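[1] sequence and predicted model, in that order:
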Amino acid sequence: METDLRLESSLWVGNKRYRAVLTGWHLRWTEVDKKDRDKKTISVPVAEVVGVEEGRVEILPQKLVEDKDKEFTVFYVKRSSSGGSFGLLWRLGRTQFSCPSRVLRDQWTKQLRTALKTHSPLRPHRLLVFINPFGGKRKGRKIYHSLVAPLFELAGISSHVIVTEWANQARDHLLKKDLTGFDGVVCVGGDGMFSEILHGLIGRTQQEAGLCENDPAVTLQPCSLHIGIIPAGSTDCVCYATVGVIDPVTSALHIIIGDSQPLDVCSVHHASALVRYSVSLVGYGFYGDVLAESEKHRWMGPLRYDYSGAMVYLSNRSYAGIIQYLPADPMISTPRDKTRCLSGCSVCSRSTERLFPHSSDSASLYSSHFSQFSSDSEGEWQSVEGRFKCVSLTCMSSSCPRSPLGLSPSAHLADGTGDLILVWDTHPLGFLKFLHRHTSTQDQFDLPFVEVHRVKAIRFLLPSSDKAEEAYEEIMGQGHGRAEEERGYQETVNRSSSQQHLAEKSTGREMTNEQKTASPFLCGLCCSKSPSVSVWNCDGEILPFTEILCRIHGQLVRLYARGIEDSTNIHDCSEQHDKCERRCILNK
Ligand SMILES: CCCCCCCCCCCCC/C=C/[C@@H](O)[C@H](CO)NC(=O)CCCCCCCCCCCCCCC
Ligand SMILES: Nc1ncnc2c1ncn2[C@@H]1O[C@H](COP(=O)(O)OP(=O)(O)OP(=O)(O)O)[C@@H](O)[C@H]1O
Ligand SMILES: [Ca+2]
């Protein structure tokens, strides 16, 4: 659909003359003094124009403006291959145009700005930015001020920046402070910082809607503010899995042009109370143990996961459990259908219609999909019991630099389901094979001891023989390196002598002095008895409970992102675009 915004004229770029055309959707310029077959058109979608400035303008290393009379500069998104990752790097493209007159120059800048307003409705005007100065290599502030802020300024975005001084400051700000006038919230940090924003925004939205987050059967209200992630942490899995690269400039450009990627969120409950939200991994057994072990070695930085992974692997543990799950409709998609959720994913688009059937009607947008969880046409609860190396639930692929295709390569970002991966107890070499397949394109589910199910909810229970052990460990709060101040939303049992007594009573065991003081979590290597109960890793946080219920809430939040762009579709078909049969990223 073209609009009446069309503007066409001759313009100069350097010493070459071009025919430039602006339609509602594209800005195109073609060199005129060339033979037809050598003519090349550069085409920029209006949605990917970052800004338009009068004059010859540079923004880096500092803003410089010259020759304001007949010139204008257009800034736009330019793609390049990222080398290692699957996604594409975005960079700021810049072209300076000269016009025959100032009147024509003003016409071009005015029309371009009007086109931007009309065709990019989700571009943010005002953002609330939280910077974790201690995340990753402690470069959050520098990354924001040197790489991101100049781009925001160019795009006319005003931002209110808060450099956090303590953990959970961003979450609490979002829960309590006035957010009027903001279009989105940006976090500069890693997955932990993203999780703070996630909890703050979801909590605030439910408070305002008068909904109870504790009840897993309640349909939560999707958040209206978008979330932007500027990666500056030591683990940036959410950014990697939604953008395809970990690169602050790419992420800033996605924010500026107002890209919008819905994301499924899993709520985790224990005993009728909300414990936490997750978007990537809720994992018991191996991934829980790795996280618990890694907390002891924080000083190692990101390497702590590899070290702890090796230690936990060598301890060769498995855990008993009962897993109940509510299957999703297998006619829509399955975890083994070999598809990938890429930018413009059709499974996710169809899910939007299914999850929000009358999305133009805002009242029904927020009240229509309760049936997803409560009365399922899709299936009955299933149950399995046994010993597992690990039990993982992931709402998305959870791809990351360590595992470029992720825990579940065919999972979708926004289809309202999660993938439940059950790895039954097996020989250590079999488990190593499973782990190793995460680093390649080999199918990690094509192993006899691995099961994967696409689900809408799961429940995890301990066999009755292990419940006493769990009660003992939970009451003593022992051994899992649990963060004291952050025990989910529920305050767990305080440690006291009466509770020690309770623990002893419930397990029928008396604690030794050593047990009272020590933290013997990783004892598989040196002790005869390894623990029979593991912990849950919820997006990098240890959960204080073992028996949990998880429910996937389809498209509960929206990120300034567009999913992973398929780098095999980047090609230049500008001359023959109408005849191009490949899905072209550059000219769509
Ligand atoms: C033989 C090589 C095997 C390599 C196996 C690689 C599997 C990698 C799977 C990564 C899954 C990441 C899921 C995302 C979780 C995030 O929400 C969360 C917050 O940032 N991160 C973690 O919990 C951090 C969890 C980090 C888990 C890292 C596990 C590393 C395992 C290394 C095993 C070595 C075995 C060596 C045997 C001698
Ligand atoms: N000013 C602060 N001081 C201490 N902790 C903070 C501060 N601001 C945020 N945090 C907390 O720091 C944690 C880790 O932050 P972030 O995810 O940004 O970095 P990271 O390096 O990727 O972290 P990790 O190494 O734990 O994966 C978050 O859980 C967040 O709550
Ligand atoms: Ca999903």
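    Looks like it arrived, so ask away. Numbers count the residues shown, from 1 in each chain. Ligands and ions are numbered 1, 2, ... in the order given.
[2] gap between the closest residue to ligand 1 within the stretch 451-588 of the chain and ligand 2?
    Of all residues in the stretch 451-588 of the chain, Gly540 sits closest to ligand 1, at 2.8 Å by CB to the nearest ligand atom. For the C-beta atoms, the positions are set from N, CA and C on the backbone; glycine is no exception. Counting by CB to the nearest ligand atom, to the nearest Å, the gap from Gly540 to ligand 2 is 6 Å.
[3] isn't that residue right up against Glu196?
    No - counting by CB atoms under 8 Å, Glu196 is not a contact partner of Gly540; they are 11.7 Å apart.
[4] how's the chain carved up into domains?
    With domains defined by automatic domain parsing, the chain comprises 7-121, 122-258, 265-369+379-461+526-553.
[5] roughly how far is the first one from the heart of the chain?
    In terms of CA atoms, centre = their mean, to the nearest Å, the centre of domain 7-121 is set 31 Å apart from its chain centre.
[6] so how far is the first residue of it from its last?
    Domain 7-121 has an end-to-end distance of 21 Å (criterion: CA to CA, to the nearest Å).
[7] what about Ile42, how many neighbours?
    Neighbour count for Ile42, taken as other CB atoms under 10 Å: 18.
[8] quick check: bridge partners of it?
    Trp29 (DSSP bridges).
[9] isn't it right up against Val21?
    No - judged on CB under 8 Å, Ile42 makes no contact with Val21 at a distance of 11.1 Å.
[10] looking at Gly540 and Glu196, which is more packed in?
    Set Gly540 next to Glu196 and count neighbours by other CB under 10 Å: Glu196 wins out with 23 against 20.
[11] could you check the pLDDT of that one?
    Reported pLDDT at Glu196 in the predicted model: 98.
[12] how near is it to ligand 3?
    22 Å (CB to the ion, to the nearest Å).
[13] which stretches of the stretch 401-550 of the chain form strands?
    With strands called from DSSP state E, counting those that start in this stretch, the stretch 401-550 of the chain shows them at 418-424, 450-461, 536-538, 541-542, 548-559.
[14] for these, give me a markdown table that also has mean pLDDT.
    Compiled in a markdown table, the strands of the stretch 401-550 of the chain are given as follows (pLDDT from 0 to 100):
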| stretch | mean pLDDT |
| --- | --- |
| strand 418-424 | 98 |
| strand 450-461 | 98 |
| strand 536-538 | 98 |
| strand 541-542 | 98 |
| strand 548-559 | 98 |
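[15] you'd agree Gln324 is in a strand?
    Yes - counting by DSSP: H, G, I helix; E, B strand; the rest coil, Gln324 is part of a strand.
[16] ok, and the closest non-adjacent residue to it?
    Among residues not flanking Gln324 along the chain, Arg459 sits closest, at 4.2 Å (CB to CB, 6 or more residues apart in numbering).
[17] go on, Leu154?
    Gly51 is the one closest to Leu154 (CB to CB, 6+ apart), at 4.7 Å.
[18] doesn't the one you found fall inside a strand?
    Yes - under three-state DSSP, Gly51 sits within a strand.
[19] deepest-packed of the strands of the stretch 401-550 of the chain, please.
    Most buried of those, by mean neighbour count (mean count of other CB atoms under 10 Å): strand 536-538, with a mean of 28.
[20] any residues touching that strand, and which ones?
    For strand 536-538, the external contacting residues (CB atoms under 8 Å, 6 or more residues apart in numbering) are 268, 275-276, 278, 281-284, 287-288, 290-292, 542-543, 545-546, 548.
[21] hang on, the earlier thing: quick one: residues contacting the residue nearest to Leu154.
    Contact analysis of Gly51 by CB under 8 Å, 6+ apart lists 74-75, 154-156.
[22] just the buried ones from these?
    For the contacts of Gly51, a burial check counting by 16 or more other CB atoms under 10 Å picks out 74-75, 154-155.
[23] next, the angle from the helix or strand harbouring Met193 to strand 548-559.
    Assigned by DSSP states H and E, Met193 belongs to helix 191-209. Angle between the axes of helix 191-209 and strand 548-559 is 90 degrees (criterion: axes from the mean of the first three to the mean of the last three CA atoms, to 10 degrees).
[24] could you identify the helix or strand that succeeds helix 191-209?
    Note on helix 191-209: by DSSP H and E, the next helix or strand toward the C-terminus is strand 226-231.
[25] quick one: average confidence on that next one?
    Mean predicted lDDT for strand 226-231 stands at 98.
[26] so the helix or strand just after it, near ligand 1 or not?
    Once the chain leaves strand 226-231, the next helix or strand it forms, by DSSP H and E, is helix 237-243. Yes - legend: contact between helix 237-243 and ligand 1 by CB under 6 Å from any ligand atom is shown at Cys237.
[27] which other helices and strands does the helix holding Met193 contact?
    Helix 191-209 is packed against strand 126-131, helix 169-176, strand 184-189, strand 226-231, helix 237-243, strand 273-278, strand 548-559, with contacts defined by 3 or more CB pairs under 8 Å, 6 or more residues apart in numbering; DSSP states H and E.
[28] so what touches the third one?
    Under the criterion CB under 8 Å, 6+ apart, residues 124, 127-132, 135-136, 140-141, 143-144, 148, 159, 170, 174, 193-194, 196-197, 200-201, 225-230, 232-233, 255, 560 lie in contact with strand 184-189.
[29] what's the closest non-adjacent residue to Asp67?
    Arg56 (5.1 Å).
[30] related to what we said a few turns ago, near ligand 2, which of the contacts of strand 184-189 show up?
    Answer for the contacts of strand 184-189 near ligand 2 (CB under 6 Å from any ligand atom): 132, 135-136, 193, 196, 233.
[31] now flag whichever of those residues is closest to Arg354.
    Glu196 (30.4 Å; CB to CB).
[32] wouldn't that closest one be in contact with His173 here?
    No - the pair Glu196 / His173 is not scored as a contact, 9.3 Å apart, by CB under 8 Å.
[33] what do these two both touch?
    Phe130.
[34] between Ile42 and Val21, which contacts overlap?
    Residues within reach of Ile42 and of Val21 at once, by CB under 8 Å, 6+ apart, are 28-29.
[35] ok, which of the helices and strands packed on helix 191-209 comes nearest Lys338?
    Proximity to Lys338 (CB to CB) singles out helix 237-243 among these, at 18.0 Å.
[36] hmm, who's touching the closest one?
    Contacts for helix 237-243 (CB under 8 Å, 6+ apart): 85, 87, 191, 194, 229, 231, 246, 250-251, 254, 261, 263, 279-280, 396-401, 406, 413, 559, 561, 563-564.
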